[in-house]
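K.L.:
below is the sequence, then the predicted model.
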Amino acid sequence: MKSGSNYISKIALLTFAFLISIAHIADAQSVFVGKTGKNGKALIKYIEPSELKKIVDNPVDSIWIIDVRSEKAYLNGHIPTARSFPSGTIKDRLNEIPKDKYLILYCTVGGTVKIVSKKLRKAGYKKYINWGGLSRWEWEKEPRSE
């Protein structure tokens, strides 16, 4: 009977581990998309990729698209018109990001933007949104990869 109980315990443990890993994967999939700063709610309308595409096609001076991935990742392909501010350099480059602009931030899946958002909030930024990950962008990226 002891081996049967041991078998059930192992199955329960494996099932629990599987459920935890599924929850972790789901958590990593842009769960932060749509999180905004205090005055960033106006950007919610651009959360859909097709709406962001309209901004890319017809840039608006008051809205900046910011890629917080590494410089190498940015150079390998980014949303057109996006500016590169790698997350590791953002604190040192805050003087380059005007507080009066609306900021649409993206990374690989959205988790890094959450970290950057905290830094921006602490520095007094209020007009930003976590757009999520580059994989949401369905159109051509710049620079074009061959």
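P.N.:
Right, received. Where do you want to start?
K.L.:
what segments of this structure are strands?
P.N.:
63-67, 83-84, 102-107, 128-133 (DSSP state E).
K.L.:
could I get these in JSON lines, plus columns for mean neighbour count?
P.N.:
In this view, the C-beta of every residue, glycine as well, is placed from N, C-alpha and C. Formatted as JSON lines, the strands of the chain follow (neighbours: other CB atoms under 10 Å):
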{"stretch": "strand 63-67", "mean neighbour count": "21"}
{"stretch": "strand 83-84", "mean neighbour count": "15"}
{"stretch": "strand 102-107", "mean neighbour count": "26"}
{"stretch": "strand 128-133", "mean neighbour count": "26"}
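K.L.:
need these in JSON lines (columns: distance to residue 6).
P.N.:
Shown next, in JSON lines, are the strands of the chain (distance: least, CB to CB, whole Å):
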{"stretch": "strand 63-67", "distance to residue 6": "51"}
{"stretch": "strand 83-84", "distance to residue 6": "54"}
{"stretch": "strand 102-107", "distance to residue 6": "44"}
{"stretch": "strand 128-133", "distance to residue 6": "42"}
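K.L.:
and of those, who's closest to residue 45?
P.N.:
Evaluated with CB to CB, the strands of the chain place strand 128-133 nearest to residue 45, the distance being 9.9 Å.
K.L.:
which residues sit against that closest one?
P.N.:
With CB atoms under 8 Å, 6 or more residues apart in numbering as the test, strand 128-133 has contacts from 30, 32-37, 40, 43-44, 46-47, 52, 65, 102-110, 113-114, 117, 120.
K.L.:
re earlier: format the strands of the chain as TSV; extra columns: mean pLDDT and distance to residue 15.
P.N.:
TSV is the format used below for those (pLDDT from 0 to 100; distance: least, CB to CB, whole Å):
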stretch	mean pLDDT	distance to residue 15
strand 63-67	98	39
strand 83-84	97	43
strand 102-107	97	32
strand 128-133	96	29
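K.L.:
which residue is nearest the centroid of this protein?
P.N.:
residue 110 (2.3 Å; CA atoms, centre = their mean).
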